[in-house]
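In: build me a model:
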Amino acid sequence: MVSAQTVSKLTRDLDEAQRQFHQARLDDDYAYLFLKGVSLRVASDALVLPSDGGETWGLVVNEAMACARPCIVSDKVGCGPDLVIPGKTGSIFPLGDVNALAISIVELAASPERLSSMGSEARARLRNYSVETAVDGIVQSLAATLNRRVLNASV
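Out: Here you go, the predicted model:
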């Protein structure tokens, strides 16, 4: 269980990090949160992507999952519904809900075993999102299209 005091401190730190991030007007596709004064194992073992929906997918999530890292993403990250399975490969929090983000981070950091398990699940989940799978899908689509044209031409 996460204490109210821990969530409160992390929420304040996240608010400050968010303020500094926006003040700096960083224009990256993704941002890792490195929180000053908060010693969380999550800082190097998971991806936190609190995006506002500026990207349509969020390729950094694929990259993190390929490295067996669970991902904590906002509900505006395009790939969230496809890749992030809450409790299995990471978690999804409502954009702007710093308290929910703080709870997700603390809960993930609280259990190194769960962190490792979720990382393995994340890597396994990503297997369906490979270059090989994409090429196979394109080839199958082309084959189906060509077969339909042949069938339609003979009618």
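
In: surely residue 88 is within a helix?
Out: No. Going by DSSP: H, G, I helix; E, B strand; the rest coil, the assignment for residue 88 is coil, not a helix.

In: kindly tell me how buried it is, as a neighbour count.
Out: 15 (other CB atoms under 10 Å). Heads up, the C-betas are built off the backbone N, CA and C, glycines and all.

In: ok, it to residue 125 distance?
Out: According to CB to CB, to the nearest Å, residue 88 and residue 125 sit 8 Å apart.

In: same thing with residue 62?
Out: Relative to residue 125, and taking CB to CB, residue 62 is found at 10 Å.

In: overlap of the contact sets of the two?
Out: residue 83 (CB atoms under 8 Å, 6 or more residues apart in numbering).

In: name the next helix or strand downstream of the lowest-mean-pLDDT helix or strand in the chain, please.
Out: Of all helical and strand segments in the chain, the minimum by mean pLDDT, DSSP states H and E falls on helix 42-45, at a mean of 58. On the C-terminal side of helix 42-45, the closest following helix or strand by DSSP states H and E is strand 47-49.

In: now for that following strand, which elements pack on it?
Out: helix 59-66, strand 71-74 (3 or more CB pairs under 8 Å, 6 or more residues apart in numbering; DSSP states H and E).

In: and those: which comes nearest residue 143?
Out: For these, proximity to residue 143 was assessed by CB to CB; helix 59-66 is nearest, at 26.5 Å.

In: which residues are in contact with that closest one?
Out: Residues contacting helix 59-66 (CB under 8 Å, 6+ apart): 29-30, 46-47, 49, 71, 73, 77, 79-80, 83-84, 89, 122-123, 125-126, 129.

In: any idea how far that helix is from the middle of the chain?
Out: Centroid separation for helix 59-66 versus its chain: 7 Å, with CA atoms, centre = their mean, to the nearest Å.

In: mind listing what's buried in it?
Out: By neighbour count with 16 or more other CB atoms under 10 Å, helix 59-66 contains the buried residues 60, 61, 62, 64, 65.

In: could you pull out the helices for this protein?
Out: All helices of the chain, identified by DSSP state H, fall at 4-24, 42-45, 59-66, 80-83, 98-109, 112-126, 131-153.

In: give me the contacts around the longest one.
Out: Same thing as helix 131-153. Outside helix 131-153, the residues that touch it by CB under 8 Å, 6+ apart are residue 127.

In: still on that earlier bit, go through the helices of the chain and name the closest to residue 53.
Out: Comparing the helices of the chain under CB to CB, the one sitting nearest is helix 80-83, at 10.1 Å.

In: thank you kindly, that will do.
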